[in-house]
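K.L.:
curious how this folds, go ahead:
(4 chains)
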Protein chains: 2
Amino acid sequence: MANSTSGDSVVDRVVRVIAAFPEGVTSLQLTDLAERAGLPLSSAHRLVRQLSEHGLLDLGAGGNVRLGLRLWELVNRNSPTLALRQAAMPFMEDIQQVLNQNVNLAVLDGWEALFVERLSRRGSVANRARIAGRMPVHISSAGLALMSHQPRELQAEYLQQFQDPSGKVTADVVRHFLAEAAQQGYAQLAGVVDPDTWGIAVPVMNGKRRTVAALGVVVPLAEMRLQALVPALQTAARGIGRQLGE
Amino acid sequence: MANSTSGDSVVDRVVRVIAAFPEGVTSLQLTDLAERAGLPLSSAHRLVRQLSEHGLLDLGAGGNVRLGLRLWELVNRNSPTLALRQAAMPFMEDIQQVLNQNVNLAVLDGWEALFVERLSRRGSVANRARIAGRMPVHISSAGLALMSHQPRELQAEYLQQFQDPSGKVTADVVRHFLAEAAQQGYAQLAGVVDPDTWGIAVPVMNGKRRTVAALGVVVPLAEMRLQALVPALQTAARGIGRQLGE
DNA sequence: ACACGTTCTACCATTGAATGGAAGGCGCTC
DNA sequence: GAGCGCCTTCCATTCAATGGTAGAACGTGT
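P.N.:
Numbering: from 1, shown residues only, chains lettered A, B, ... in the order given. Have a look, this model is predicted:
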């Protein structure tokens, strides 16, 4: 027993502590946190105290641990998607105003679409909750739009490892979806969350024609009019791409 | 030379690396980062590599370092202000729709107001940029609204240490502002950024009547109508507080 | 085309910082 | 009021973190 019986580095442990919060949970008891991070209580306590001295965590009275405001501030000020979101925001607002639908912006992370920005349909209850949400590539229009415009090797690697936990979808079906999306220049998919909605998404390409994001809308089935939606999205996506430069 | 010649802990160093990004900068060269963090290059390199293996940072080709998507995701999913922002969002949209002004939400962090959410005036260029921005208490309506409703001891401590770097404002002036804001139930201040705008902010109290945030608008001087703005803000603030519970 | 400067990356002997069990508080419940 | 759960502190042990050094990979100017 000395510098780590478990053979993990300090950095490993710091990451485990920060990542120990389950989705949507903002506050954790120290003992709980220690268990979730797989650390001895005294070690967890020491790390949390050190991190909270720097404002990355907030160690409140009674062992109540939260993420620190300073961490939130740092990440939001220097977020890797900052330029993308700034470039996209005006165009997303245009889409929201003109089409009056839920608009979202996603990037590819691993085999999932990570939603980095979202504007709600006017009048609908704001669900900023889903920001920072993830969807597997094969069940989201944003994911399909992103993957269908990636380099061949990456698509091949994706399809090679693909398997649907529910067993409903095969790699061949996904391959077909991707080919269709690549050919059409947009992806559409019946809503998985809500059966009465559709998702439509188009790729956003930077100056080098690399696909860096997907711009999409979620519309009620009744209001599904591809002829109107797709051109609007594609125009906005080009505008975003131009703004991005590089 | 062994475990740190400089006498700082690993945690200190990890924090310095993450916090080394200047405001608005999303990408840094390794050498630059090492210098900013005050670390030997080889140490910085090792830490960055470890952190990027966990997705907290992203070490790209050629020593290009960014914050990791995983970090952004973690922080946004478990942000300490998540509940506040979710509770406030619908009311902020109401304000935006009804008054058609820039709406913002701030919390107190140290002696500064930290803006955690912002909705732009319809039609104006979206400036989500300023999210995660800070303003000193004494030159922001949000700051004054927050501080004027804090416990006496905290206010005393604030005033005691107060000094304006520019030398334009004295502690007595701030004391007067705070007293006025406390008595009126709202704070107003001529825009510091733009001389033709005013800021108005009201405190948001949770169920225990603790002031946890400030809700404010920024209006052009020409559209300044306190009689219309303040009641709307106060009503929304009460709604938010009720939603927060606790 | 070549040499130079800059930056990233890898290696490895040294050593003091990280570790975690144990014991001491504190508040709560039964 | 005794027991329980949880937070917090202490400190001897020891191995993981350190950073100088050297090499690789660019890019640039002559």
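K.L.:
where does residue A:121 sit: helix, strand or coil?
P.N.:
coil (DSSP: H, G, I helix; E, B strand; the rest coil).
K.L.:
contacts only, for it.
P.N.:
Contacts for residue A:121 (C-beta atoms under 8 Å, 6 or more residues apart in numbering or on different chains) come out as A:96, A:100, A:101, A:102. For glycine as for every other residue, the C-beta is placed from the backbone atoms N, C-alpha and C.
K.L.:
mind listing the strands for chain A?
P.N.:
Shown for chain A, the strands assigned by DSSP state E span residues A:27-29, A:57-59, A:64-67, A:102-109, A:112-119, A:134-136, A:187-190, A:197-205, A:211-220.
K.L.:
around DNA strand D, which positions in chain A sit nearby?
P.N.:
A:1-4, A:7, A:9-11, A:29-31, A:41-42, A:45-46, A:49, A:59, A:61-63 (C-beta under 7 Å from any atom of the strand).
K.L.:
swap the cut-off to 10 Å and go again
P.N.:
A:1-14, A:28-35, A:40-46, A:48-49, A:52, A:59-65 (C-beta under 10 Å from any atom of the strand).
K.L.:
among those residues, the buried ones, what's the ChimeraX command?
P.N.:
Buried residues within these, by 16 or more other C-beta atoms under 10 Å in any protein chain shown, are selected in ChimeraX with:
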select /A:10,11,12,13,14,28,30,33,34,43,44,45,48,52,59,63,65
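K.L.:
whether stretch A:13-21 contacts DNA strand C - can you check?
P.N.:
Yes. Using C-beta under 10 Å from any atom of the strand, we find that stretch A:13-21 touches DNA strand C at A:13, A:14.
K.L.:
no wait, stretch A:37-44
P.N.:
Yes. Residues of stretch A:37-44 contacting DNA strand C under C-beta under 10 Å from any atom of the strand: A:38, A:39, A:40, A:41, A:42, A:43, A:44.
K.L.:
DNA strand C versus the nearest residue to the fourth one once chain neighbours are set aside, what's the distance?
P.N.:
Nearest in space to residue A:41, with sequence neighbours left out and distances taken as C-beta to C-beta, 6 or more residues apart in numbering or on different chains, is residue A:34 at 4.8 Å. Look at residue A:34 and DNA strand C: by C-beta to the nearest atom of the strand, to the nearest Å, they are 10 Å apart.
K.L.:
per-residue confidence at residue A:34?
P.N.:
Residue A:34 is assigned 97 on the pLDDT scale.
K.L.:
my read: it touches residue A:46, true?
P.N.:
No. Between residue A:34 and residue A:46 there is no contact under C-beta atoms under 8 Å: 10.6 Å.
K.L.:
quickly list what the residue positioned nearest the centre of chain A is bridged to.
P.N.:
In chain A, the centroid-proximal residue (C-alpha atoms, centre = their mean) is residue A:114; its distance is 1.6 Å. Beta-bridge partners recorded for residue A:114 (DSSP bridges): residue A:107, residue A:134.
K.L.:
contacting residues for it?
P.N.:
Shown in contact with residue A:114 (C-beta under 8 Å, 6+ apart): A:106, A:107, A:108, A:132, A:133, A:134, B:69, B:73.
K.L.:
from residue A:180, how far off is residue A:80?
P.N.:
Distance from residue A:80 to residue A:180, counting by C-beta to C-beta, to the nearest Å: 30 Å.
K.L.:
residue A:161 too?
P.N.:
For residue A:161 relative to residue A:180 (C-beta to C-beta), the value is 21 Å.
K.L.:
next up, the contacts around residue A:109.
P.N.:
Residue A:109 makes contact with A:134, B:69, B:70, B:73, according to C-beta under 8 Å, 6+ apart.
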